[in-house]
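Visitor: build me a model:
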Amino acid sequence: YDLAKQVWRSREILVPFIKDLSAHKNKPFTFDSSVIADQQRNDLQNLCQVLSKKGCLTFKKCKNNFEIIPTLSRANKRFLHGLWAEEITLYLIDKTLKTFTAKRPLKHKLFWNVKLKRNGSAKDNDMELDLVAQVADRFYIFETKSGEVVSIDKWVDRAHLFDDKKNRFITCTADENLNPRIFHPFRLFALPTLETQFTQILEKDFTENPALPISATVPTPEKKV
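Guide: Alright, predicted model coming up:
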C-alpha cells in the first residue's frame with residue numbers, strides 16, 4: 001500500500017518505470033533519465049532503493065540512465081502488472097469518502113477483493129470485485145484496469161448486473177488518455193481525476209437527494225468519562 005502511494009506521488013515518471021520493469025520481467029534493461037527533472041530522478045532513485053531492499057531488483061545510477069537488473073518474484077510481478085493500481089484506487093476512494101462524509105451523517109465501509117459465489121457452485125468463487133464502497137444504503141462497485149485493455153465484455157456484464165437507480169458500477173483506469181465519452185453510458189474514471197469524479201457522483205446521490213435512509217443515521221455518541 002505504501003509502495004503504491006510512493007509510485008503515485010511521482011506517477012509521471014514512476015508509473016512508466018514500473019511498467020518497463022514489469023515488461024522486462026527478469027531481463028536487464030536501461031531506463032533513460034536524461035530528460036527528467038532532478039526531483040523526478042531523486043524519486044526514481046528512492047523507488048529503486050525501496051525495490052532493491054524488497055529483493056525486486058539491483059540497480060546502478062548513471063549520468064543519463066539507470067541500469068536495472070530485475071529479480072522479480074511472482075508476487076512482485078503481480079504488483080507491478082496491476083495490483084498497484086488497485087491499491088491506489090483503494091487509497092483514493094478512502095480519501096474521497098473521508099472528505100465527503102466529514103460534514104455529513106453518512107456511514108461508510110470499504111471492502112477489498114470481494115469474492116462472490118453462486119449457490120451450489122463447486123468453485124471457490126465465481127466472481128471477484130476489486131473494491132466495494134458502501135455509503136449509507138448504496139453500493140459503489142469499482143473495477144480497476146492499469147493498462148489500455150479494459151475488458152469491455154466483462155465490464156458491460158458487470159454494469160448490467162450491479163448498476164441500477166441506487167447502486168453504481170465504475171471502471172477505473174490508470175490510462176488518463178482514454179476518453180470516457182466513448183464508453184457512455186458506462187462509467188470510466190481515470191485515476192488522476194477519480195477523487196473529483198467520485199465526489200460528483202456522491203453529491204448527486206446524497207446532496208441532491210438530502211433525505212437520508214435510516215441506515216445512514218449516526219448513533220448518539222457515548223459520553224466520555
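
Visitor: ok now stretch 198-209, how far from the chain's centre?
Guide: 21 Å (CA atoms, centre = their mean, to the nearest Å).

Visitor: what sits against the most centrally placed residue in the chain?
Guide: Nearest to the geometric centre of the chain sits Thr89, at 2.2 Å (CA atoms, centre = their mean). Counting by CB atoms under 8 Å, 6 or more residues apart in numbering, Thr89 touches 130-131, 142, 144, 172, 191, 194. In this view, the C-beta of every residue, glycine as well, is placed from N, C-alpha and C.

Visitor: if you look at the residues you listed, which of them are in strands?
Guide: 130-131, 142, 144, 172 (DSSP state E).

Visitor: rewinding a little: which of the contacts of Thr89 lies closest to Phe31?
Guide: The closest of those to Phe31 turns out to be Leu191 (CB to CB; 22.1 Å).

Visitor: can you map out the strands along the chain?
Guide: With DSSP E as the criterion, the chain has strands at 29-32, 57-61, 65-70, 108-116, 127-135, 138-145, 168-173, 187-190.

Visitor: what helices or strands is the third one leaning on?
Guide: Contact partners of strand 65-70 among helices and strands, from 3 or more CB pairs under 8 Å, 6 or more residues apart in numbering; DSSP states H and E: helix 11-24, strand 29-32, helix 38-53, strand 57-61.

Visitor: which of those sits closest to Lys109?
Guide: In terms of CB to CB, the element of those nearest to Lys109 is helix 11-24, at 27.5 Å.
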